[in-house]
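Asks: requesting a structural model of the entry that follows:
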Amino acid sequence: MTITSTQTSETTFQRCGWCSHDPLYQHYHDHEWGKPSHDRQQLFEMLCLEGQQAGLSWITVLKKRDCYRQCFFDFLPEKVAQLGEDDIDQYLQNPGLIRHAGKLNAIVANARAWLALEQQGIHMVEWLWSFVNAKLQPQAIQNYTQNPVQTADSLAMSKSLKKAGFKFVGPTTCYAFMQAAGLVNDHEAGCSSRLLASH
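Replies: Numbers count the residues shown, from 1 in each chain. This next block holds a predicted model:
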């Protein structure tokens with residue numbers, strides 16, 4: 001078991017072993033990761049940010065998150081879709097972002113693909129949740145190293161997203177999104193957030 005803990009005056013709060021002692025990381029773990037989200041804007045944000053992580057650590061993205069939110073209109077798809085090449089060229093000079101042209105352009109492409117699906121009458125929140133049969137999938141993980149990097153569900157999501165024009169949405173990225181947005185509960189069995197994430 002690789003659980004980390006924080007001692008308080010009342011109790012010991014247990015965290016998953018992947019969570020470092022960085023306060024930003026701990027807050028993310030305790031209040032967001034694995035907690036089911038049905039918020040349109042938040043789901044779009046997490047799908048895009050997981051794509052930004054490709055090849056990097058999540059804490060790198062997390063530390064730049066505020067800058068992403070500022071540059072990409074809090075991830076409102078309607079506004080992100082209006083960004084053009086000049087905007088991305090400017091963003092490539094911004095040290096607050098991951099300066100990778102493909103990744104930054106992917107956020108714009110994803111916004112346009114998202115809106116195109118909605119124009120077809122697809123409810124994006126329900127559609128994303130349909131890949132787990134609209135129900136949080138609890139896992140029985142004792143150690144975070146036992147978590148899969150992708151599943152049949154994330155592979156299906158990846159194929160559908162790519163077909164719709166989304167970028168940086170491979171099956172591993174999609175599974176990380178499912179974990180982050182609470183479509184699956186991959187908190188370790190001894191983690192204090194595990195029960196909270198299920199509600």
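
Asks: show me the contacts for the residue most central in space within the chain.
Replies: The residue lying closest to the centre of the chain (CA atoms, centre = their mean) is Met46, at 3.3 Å. With contact taken as CB atoms under 8 Å, 6 or more residues apart in numbering, Met46 is in contact with 37, 177, 180-181. Using the backbone N, CA and C atoms, a C-beta is placed for each residue, glycine as well.

Asks: which two among the residues you listed are spaced furthest apart?
Replies: With distances taken as CB to CB, the most widely separated pair in the contacts of Met46 is Ser37 and Phe177, at 10.4 Å.

Asks: now Thr31: how far from Ser37?
Replies: No, residue 31 isn't Thr; it's His. From His31 over to Ser37 the distance is 12 Å, taken as CB to CB, to the nearest Å.

Asks: and the two? Which one has more around it.
Replies: Neighbour comparison, His31 and Ser37: the larger count goes to Ser37, with 19 against 10 (by other CB atoms under 10 Å).

Asks: helices along the protein, start to end?
Replies: Along the chain, the segments classed as helices by DSSP state H run 23-31, 40-53, 58-71, 77-80, 85-91, 101-119, 124-129, 152-163, 171-180, 193-197.

Asks: and the second one, average pLDDT?
Replies: This predicted structure assigns helix 40-53 an average pLDDT of 98.

Asks: send the alpha carbons of it over as CSV?
Replies: As requested, C-alpha coordinates have been extracted for helix 40-53 and formatted as CSV (Å, rounded to 0.1, in the frame of the first residue of the first chain):
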residue,chain,number,x,y,z
ARG,A,40,-20.4,20.6,-19.6
GLN,A,41,-17.6,23.2,-19.3
GLN,A,42,-15.6,21.2,-16.7
LEU,A,43,-15.8,18.0,-18.8
PHE,A,44,-14.5,19.9,-21.9
GLU,A,45,-11.8,21.4,-19.8
MET,A,46,-10.6,18.1,-18.4
LEU,A,47,-10.7,16.4,-21.8
CYS,A,48,-8.5,19.2,-23.2
LEU,A,49,-6.1,19.3,-20.3
GLU,A,50,-5.5,15.6,-20.2
GLY,A,51,-4.4,16.0,-23.8
GLN,A,52,-2.0,18.7,-22.8
GLN,A,53,-0.4,16.2,-20.3
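
Asks: contact partners for Lys63?
Replies: Contact analysis of Lys63 by CB under 8 Å, 6+ apart lists Leu24.
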